[in-house]
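**Student:** structure of the sequence below:
(2 chains)
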Amino acid sequence: MPDDIRTLLALALVFAPLSLLSIGSGAALLAEIEHQSVGVHAWTTQREFADLFAISRAAPGPGTMLSTLIGWKVAGLTGALTATVALYLPSSLLVFGTARLWRRWRGSVWHSAVERGLAPIAAGLILAGGIAVMRVSPGGPAVWAAAIASTALILRWPSLHPLALFAASGALFGVAAGLAG
Amino acid sequence: MIQPTIDNSCSNRIGLPALFVAFFRLGVMSFGGGTAGWLYREIVERRRWIDDMQFLSGAALGRLMPGSGGVNLTVQVGQLLRGSSGAMAAALGLLSGPLAIVLALAVSYTQISHNVTVHAILDGVAAAAIGLTFATGLKLVRFRRASAGPLAVTVATVLSVGVLRWPMIPVVLCLAPISIGLALLDRRGRNA
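**Tutor:** Residues are numbered from 1 along each chain as shown, chains lettered A, B, ... in the order given. As a prediction, the model looks like this:
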């Protein structure tokens, strides 16, 4: 087997199982990705891993793009694609199958009760997710204050586009850092 | 206000390219884990492709299953609107933008990872993204004009998972039967 294929296979074999193990927060996932890429496979040094993590935080996206960056570091664009697909495909297939089964029960008393019962929990989990992100943010109390102010602004003026708020808040922090430095 | 009902006859109007583009926009705007907030704003409030209940149902399952909650929710919305090809179009749309951006950042990486101002700007953007997440959660609570029971369940979820940092799965396994029971009782009460 050629080396590059072997590398891609190794990437897939690391990230595909993680796809199905990452329940709840991404924090556990992060520790395991670090262990695998620095310790087990020596794909990155400790320092490179820290840099890639910083970059992954800078990019937008629905989850961690850290696997993409590690794939890229190890095997270029095909590595990036392999690691991304490996991390997101298995969990997506699982939720796809589950949601399809679940929708078959639509219309029954139980289906509606479960949906209505899960709704307040889902709302609570969304709020808890915001708290979790706030807690791990390196910005500290300034980030908390800006987050609460943003919440109030969005609720008070629904027509305000969040991107405008993102830009304003980013600019404010950037200027403050410039003045402090 | 007329809320379009989501059945196949209606959802056929949403083309796969439109689905891809809508989720591509969500992906590139999702800073700091704000996918659910953007999805609510763009797909529920603005385009009205799904309703609040479908959003919450998808969000709950999306968080309970392994994987990214945002990707899981996206897969379900795509599936709801256009079946398996819809799920694929939505998920590819959501991920392709961030993938391109993160690789572009990686190419210019030495400038980025050591610049204090860049980090500060990212903190500011993340703060606003957290605000979007909070606002979405609060809107959903307010929308349901929650009676005491569901409201208590939401508060209990926030306290245990968000503040006390108890593991999510056991908390949900304890709260779900209570909350579903309340929903059943509520239904019976209304029927009586």
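
**Student:** show me the strands in chain A, by range?
**Tutor:** Ranges of strands in chain A, per DSSP state E: none exist.

**Student:** in it, what helix or strand scores lowest on average pLDDT?
**Tutor:** helix A:26-34 (a mean of 74; mean pLDDT, DSSP states H and E).

**Student:** can you point out the buried residues in the longest helix seen in chain A?
**Tutor:** Secondary structure of chain A per DSSP state H: the longest helix is helix A:66-104. Neighbour-count burial for helix A:66-104 flags A:66-75, A:78-92, A:94-96, A:99 (criterion: 16 or more other CB atoms under 10 Å in any protein chain shown). To be clear about C-beta, it is placed using only N, CA and C from the backbone, and glycine gets the same treatment.

**Student:** do that helix and chain B meet?
**Tutor:** Yes - Helix A:66-104 reaches chain B (CB under 8 Å from any CB of the partner chain) through A:68-69, A:72-73, A:77, A:80-81, A:84, A:88, A:90-92, A:94-96, A:98-100, A:102-103.

**Student:** with stretch A:7-23 instead?
**Tutor:** Yes - interface with chain B: stretch A:7-23 contributes A:19-23 (CB under 8 Å from any CB).

**Student:** what's around residue B:23, how many residues?
**Tutor:** As a burial measure, residue B:23 scores 29 neighbours (other CB atoms under 10 Å in any protein chain shown).

**Student:** do residue A:132 as well
**Tutor:** Residue A:132 has 22 nearby residues by other CB under 10 Å.

**Student:** lowest-confidence member of the residues of stretch A:7-23 next to chain B, which is it?
**Tutor:** Among the residues of stretch A:7-23 next to chain B, residue A:23 has the lowest pLDDT, at 68.

**Student:** any weak-confidence spans in the chain?
**Tutor:** Let's take chain A. A:1, A:23-28 (pLDDT under 70).

**Student:** actually it's chain B I care about, not the one you picked
**Tutor:** For chain B (pLDDT under 70), the answer is B:1-12, B:33, B:110-113, B:143-146, B:187-192.

**Student:** go again using 50 as the cut-off
**Tutor:** In the predicted model, chain B carries pLDDT under 50 at residues B:1-11, B:192.

**Student:** could I get the full set of helices for it?
**Tutor:** Using DSSP H, helices in chain B cover B:8-11, B:16-29, B:35-39, B:52-64, B:69-107, B:109-113, B:116-143, B:148-157, B:168-191.

**Student:** possible to save those helices as JSON lines with distance to chain A?
**Tutor:** Listed next are the helices of chain B as JSON lines, based on distance: least, CB to the nearest CB, whole Å:
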{"stretch": "helix B:8-11", "distance to chain A": "12"}
{"stretch": "helix B:16-29", "distance to chain A": "5"}
{"stretch": "helix B:35-39", "distance to chain A": "4"}
{"stretch": "helix B:52-64", "distance to chain A": "4"}
{"stretch": "helix B:69-107", "distance to chain A": "3"}
{"stretch": "helix B:109-113", "distance to chain A": "4"}
{"stretch": "helix B:116-143", "distance to chain A": "2"}
{"stretch": "helix B:148-157", "distance to chain A": "3"}
{"stretch": "helix B:168-191", "distance to chain A": "3"}
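
**Student:** what's the most buried one of those?
**Tutor:** Each of those was assessed for mean neighbour count using mean count of other CB atoms under 10 Å in any protein chain shown. The highest is helix B:35-39, with a mean of 29.

**Student:** packing partners of that one?
**Tutor:** The contact analysis (3 or more CB pairs under 8 Å, 6 or more residues apart in numbering or on different chains; DSSP states H and E) places helix B:35-39 against helix A:109-136, helix B:16-29, helix B:69-107, helix B:116-143.

**Student:** closest to residue A:7 out of those?
**Tutor:** Of all the helices and strands packed on helix B:35-39, helix B:69-107 sits nearest to residue A:7, with 17.6 Å by CB to CB.

**Student:** run the chain-centre distance for the closest one.
**Tutor:** 13 Å (CA atoms, centre = their mean, to the nearest Å).

**Student:** name the nearest residue to the residue positioned nearest the centre of chain A, sequence neighbours excluded.
**Tutor:** Centroid-nearest residue in chain A, with CA atoms, centre = their mean: residue A:63, separated by 2.0 Å. Computed as CB to CB, 6 or more residues apart in numbering or on different chains, the closest residue to residue A:63 that is not its neighbour in sequence is residue B:68, at 3.0 Å.

**Student:** got the phi and psi for that neighbour?
**Tutor:** phi -70, psi 130 (degrees, to the nearest 10).

**Student:** contacting residues for it?
**Tutor:** Shown in contact with residue B:68 (CB atoms under 8 Å, 6 or more residues apart in numbering or on different chains): A:22, A:26, A:62-64, A:88, A:91, B:35.
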